[in-house]
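> Kindly generate the corresponding structure for this input.
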Amino acid sequence: MEEFRYDSYCGLYCGSCDILMAYKKGLETNTTPEWDDLPERVRRAHGKAKPPIICYGCKTDTIFEGCSICPVQKCARKKLTIDQTCIDCDKYPCMRHKLMHLVKKLLRFDKKLPHSNILPKNVETIREKGLEYWLEEQKQVWECPDCHTSFAWYQEKCSKCGRDLEPLKDYNNLP
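The predicted structure is shown next:
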C-alpha cells in the first residue's frame, strides 16, 4: 500500500490538505469521501468539476487530479528526486514559480484558496532549517492545541473538541 507524503515540491504542507485528509479518513473508516463533506471554500474553488477525492500527497504516484496539472509539480517530478523540493533546483525561483504566482493572483486563487499564500514563508523555513524540521513544525501548526487532533486548511472547527481554528492558521496571520 502506498504511504502518505505530507511534503510537497513547492512548500505546501499536504498533511493539512482538505482533499488528502478526506481521502485518508475515508480509508480509515472504509467510506468514500464526498464533495459535500468538504468545506464550501474547497467545493467553490473546484467549480463544477468534481474529480474523485483521492490523494496520497504531491510526491506520490496517487495525486489529486486538480494538483496533477500543477506545472511546478510536473517540472519537479522530472528534475528532482522525491526527497527534494524546488529550492534544491539550481534554477529556483524559476519562471514556473513566477508564472504560478501571477496566475494565482489573476485567477484570484490567492483569495479563493489563501493557504497557498504561505509558500514563501514555508520555503524559507525549509531552506534555513531543513525539510524534517519544517515537517515537524507543520504537524504542530496543523494540530488543535487543545486536543491535538489534526485539522485541514479550511476546516473551521476542531472535529474533536469544537475549538475555533481560524485564528490558528498560518495563512490568516500573514502581514
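
> only C-alpha atoms for contact and neighbour calcs from this point on.
Noted.

> Nearest spatial neighbour of Y133, chain-adjacent residues omitted?
Nearest non-adjacent residue to Y133, counting by C-alpha to C-alpha, 6 or more residues apart in numbering: I126, 7.6 Å away.

> let me fix that: Q73
Spatially, and ignoring its direct neighbours in sequence, Q73 is nearest to Y9 (6.4 Å; C-alpha to C-alpha, 6+ apart).

> Regarding the one you found, what is its secondary structure?
Each residue gets one of three states, and Y9 gets coil by DSSP: H, G, I helix; E, B strand; the rest coil.

> And Q73, how far from Y154?
Q73 sits at a distance of 22 Å from Y154 (criterion: C-alpha to C-alpha, to the nearest Å).

> and what of C67?
In this structure, C67 and Y154 are 17 Å apart, going by C-alpha to C-alpha.

> out of the two, which sits in the more crowded spot?
Residue environment comparison for C67 versus Y154 gives the larger neighbour count to Y154, 20 against 14, counting by other C-alpha atoms under 10 Å.

> centroid residue for this structure?
The chain has C14 as the residue nearest its centroid, 3.7 Å off, counting by C-alpha atoms, centre = their mean.

> Would you mind confirming that it makes contact with L20?
Yes: with contacts counted by C-alpha atoms under 8 Å, C14 reaches L20, the gap being 7.0 Å.

> Name the residues contacting each of these two.
In the contact map built from C-alpha atoms under 8 Å, 6 or more residues apart in numbering, the residues linked to both C14 and L20 are G57.

> nearest spatial neighbour of E143, skipping sequence neighbours?
With C-alpha to C-alpha, 6+ apart as the criterion, E143 has its nearest non-adjacent residue at 4.3 Å, and that residue is S150.

> pLDDT of stretch 62-72, averaged?
Across stretch 62-72, pLDDT averages out at 89.

> Off-centre distance for that stretch?
The gap between where stretch 62-72 is centred and where its chain is centred comes out at 11 Å by C-alpha atoms, centre = their mean, to the nearest Å.

> cool, and stretch 17-25?
10 Å.

> Return it as PDB; C-alpha atoms alone will do.
Extracted in PDB, the C-alpha atoms of stretch 17-25 (Å, rounded to 0.1, in the frame of the first residue of the first chain):
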ATOM      1  CA  CYS A  17      -4.900  19.400   2.700                       C
ATOM      2  CA  ASP A  18      -8.700  19.000   2.800                       C
ATOM      3  CA  ILE A  19      -8.600  16.600  -0.100                       C
ATOM      4  CA  LEU A  20      -5.800  14.400   1.300                       C
ATOM      5  CA  MET A  21      -7.400  14.400   4.800                       C
ATOM      6  CA  ALA A  22     -10.800  13.500   3.400                       C
ATOM      7  CA  TYR A  23      -9.300  10.600   1.500                       C
ATOM      8  CA  LYS A  24      -7.300   9.400   4.400                       C
ATOM      9  CA  LYS A  25     -10.400   9.500   6.700                       C
END
